[in-house]
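> Predicted model and sequence below, questions to follow.
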Amino acid sequence: MNYTHLQLEKRGHVAIVRMSNPPANTWTRDSLAALETLVADLNADPDVRALVLTGDGERFFSAGADLKLFADGDLGTAADMALRFGRAFTALAHFRGVSIAAINGYAMGGGLEVALACDLRVAESQAVMALPEASVGLLPCAGGTQLLPHLVGEGWAKRMVLLGERVDAAQAGRIGLVEAVVPTGQALDTALEMAGRVERQSPSSVTACKTLLQAARTAPPETNLPLERELFIQLFSTEDQREGVRAFLDKRDPVWKNR
């Protein structure tokens, strides 16, 4: 299937998605709709267990939205794009497997927000990350003001959003914005190595655990602990649970069926 400005490649159980809208891999109406459709298609493919997102080319991961879209100040355009960003990045955040952003260059505005929607982030040493929307009279409308504080704390989130402060890869690693910093050209390989580890995990368990970890962002433990127990019990209705325990007792690698 053709996904506008997105390239899809599958390697084993991993889907590699490249944002490809040169020169800066900016988001458009069509590419945001394509991302939403692509994630739905991957969710429907039981063979896919991890998603790696990266930018096509060597300079940009993604520069976010093309500001020319907002030059005339049209409220209809603003509402439409905000809705499209929200739907696309929410779909990515709810991908049933593990999503990893391989940040291979500038990640600005909506380009950083799409990385925030992923479960994990790997940045190359030359990468630069920022949410500069306030400097042009806008604000991050695709999750930036909500997801960034969860990762880096309120102080650094305010520095990046309110002051427009840019963060290089080394600083991003120190403040917890990314989980790994690697040399130039190695983000994709590192993300694929991480995705390979997902294959050793039960797909059913990964989906349940991800649901609980994301719920922990917005509710206290006493709210989610009953759900944790409920999802634990539900796993006993899956073939993966029986296979995992049997494989451990048989001292062999499990063969997951994702059901």
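Sure, I can see it.
> Now do the buried residues in the helix or strand harbouring residue 42.
Element membership for residue 42, per DSSP states H and E: helix 29-43. Of the residues in helix 29-43, those scored as buried under the neighbour-count criterion (16 or more other CB atoms under 10 Å) are 31, 32, 34, 35, 36, 37, 38, 39, 42, 43. Yep, even glycine has a C-beta here, placed from its N, CA and C like the rest.
> And these, which two are furthest apart?
Among these, the pair separated by the greatest distance (CB to CB) is 31 and 43, at 18.6 Å.
> Contacts made by the helix holding residue 42 with the rest, please.
1, 3-6, 8, 15, 17, 19, 21, 48, 51, 80-81, 84-85, 87-89, 91-92, 94-97, 114 (CB atoms under 8 Å, 6 or more residues apart in numbering).
> Against which helices or strands is the following helix or strand past that helix packed?
Downstream of helix 29-43, the first helix or strand assigned by DSSP H and E is strand 50-55. The helices and strands touching strand 50-55, judged by 3 or more CB pairs under 8 Å, 6 or more residues apart in numbering; DSSP states H and E, are strand 14-19, strand 60-62, strand 98-103, helix 110-116, helix 187-198.
> Parallel or antiparallel, which strands does strand 50-55 pair with?
Based on DSSP bridges, the strands next to strand 50-55 in the sheet, each with its direction, are strand 14-19 (parallel), strand 98-103 (parallel).
> average pLDDT for the first one?
Confidence over strand 14-19, taken as the mean pLDDT, stands at 98.
> Run the chain-centre distance for it.
A distance of 11 Å separates the centroid of the chain from that of strand 14-19, by CA atoms, centre = their mean, to the nearest Å.
> Could you quantify the relative orientation of that strand and helix 29-43 as an angle?
Using axes from the mean of the first three to the mean of the last three CA atoms, to 10 degrees, one finds that strand 14-19 and helix 29-43 are set 180 degrees apart in direction.
> what stretches of the stretch 151-259 of the chain score poorly on pLDDT?
Across the stretch 151-259 of the chain, no stretch falls below the confidence threshold (pLDDT under 70).
> What ranges does it have for its helices?
Secondary structure of the stretch 151-259 of the chain (DSSP state H, counting those that start in this stretch): helices at 169-175, 187-198, 203-215, 221-234, 239-250.
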